[in-house]
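*Asks:* Prediction below, plus the sequence it came from.
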Amino acid sequence: MGLINRMPAPEDVFVAWLMRQPRNGDLVAAASAEVARLRRYASHPGAKRLHDLFCALISEKRAAIRPQSVRTAQ
């Protein structure tokens with residue numbers, strides 16, 4: 001019998017990536033680089049899910065740094 005080489009779950013890859021980021025690093029810039037890299041693999045469901053996780057992180061971080069007045073006006 002051959003060995004089955006299973007790919008890790010996108011969520012596991014995302015958490016591992018997040019844990020490896022330097023403290024006080026620019027997560028938006030780092031995640032944006034990953035999004036650009038993953039675009040080439042958009043047809044693969046796992047890569048698409050990972051891409052979506054990075055996009056969600058970028059959106060959350062950008063929303064968190066917006067001034068309070070901008071967030072309440074929306």
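*Replies:* Received, thanks. Source: prediction; values computed, not measured.
*Asks:* Excluding sequence neighbours, find me the nearest residue to A47.
*Replies:* Spatially, and ignoring its direct neighbours in sequence, A47 is nearest to Y41 (3.6 Å; Cβ to Cβ, 6 or more residues apart in numbering). For every residue, glycine as well, the C-beta is placed using N, CA and C.
*Asks:* I should have written C55 there, sorry.
*Replies:* Using Cβ to Cβ, 6+ apart and skipping the chain neighbours, the partner closest in space to C55 is V35 (6.1 Å).
*Asks:* Tell me how many other residues crowd the residue nearest to A47.
*Replies:* 13 (other Cβ atoms under 10 Å).
*Asks:* Okay, and the spatially most central residue of the chain sits in which element?
*Replies:* For the chain, the residue sitting closest to the mean C-alpha position, by Cα atoms, centre = their mean, is F54 at 1.7 Å. Using DSSP states H and E, F54 sits within helix 45-65.
*Asks:* Quick check: buried residues in that helix?
*Replies:* Under the neighbour-count criterion of 16 or more other Cβ atoms under 10 Å, helix 45-65 has 47, 50-51, 53-54, 57-58 buried.
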